[in-house]
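In: show me how the following folds:
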Amino acid sequence: MHSREGDTRPVGLQYHIELTPEMFDTWMHFHPHRQEAIEILGQKRFEHIEQERSMRYPIYREHTRILFGNFLAICTGHVHES
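Out: Numbers count the residues shown, from 1 in each chain. As a prediction, the model looks like this:
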């Protein structure tokens, strides 16, 4: 994929725009590397991440909307001035 006609700079994006609070909870509780994450972060920090999810999720969704909108604008050449 290229950003504009004649532009040869590749544009790529890998981001879980589909993440829901339920998916996050599932990933936190059933991820195959869960124990390794706890060992690296410590139990208290791992639990803190879980607790912050509900507070931070609206920010994540807004950033996701902006990121995806900007990505589409670049791909279609319809960049909007804010």
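In: for residue 71, see how far away residue 27 is.
Out: From residue 27 across to residue 71, the span is 23 Å (CB to CB, to the nearest Å). No exception for glycine: its C-beta is placed from N, CA and C like everyone else's.
In: ugh, typo on my part, it should be residue 78
Out: Distance from residue 78 to residue 71, by CB to CB: 12 Å.
In: return the set of buried residues in the longest helix anywhere in the chain.
Out: Secondary structure of the chain read by DSSP state H shows that its longest helix is helix 43-76. Residues of helix 43-76 classed as buried: 46, 71, 74 (neighbour count, 16 or more other CB atoms under 10 Å).
In: pLDDT (mean, whole number) over that helix?
Out: pLDDT averaged over helix 43-76 equals 91, rounded to a whole number.
In: kindly report the same for stretch 24-31.
Out: Mean predicted lDDT for stretch 24-31 stands at 92.
In: quick one: contacts of that stretch?
Out: Contact partners of stretch 24-31, identified using CB atoms under 8 Å, 6 or more residues apart in numbering, comprise 34, 37, 49-50, 53, 57.
In: show me what counts as buried in it.
Out: residue 24.
In: I appreciate the help and will end here.
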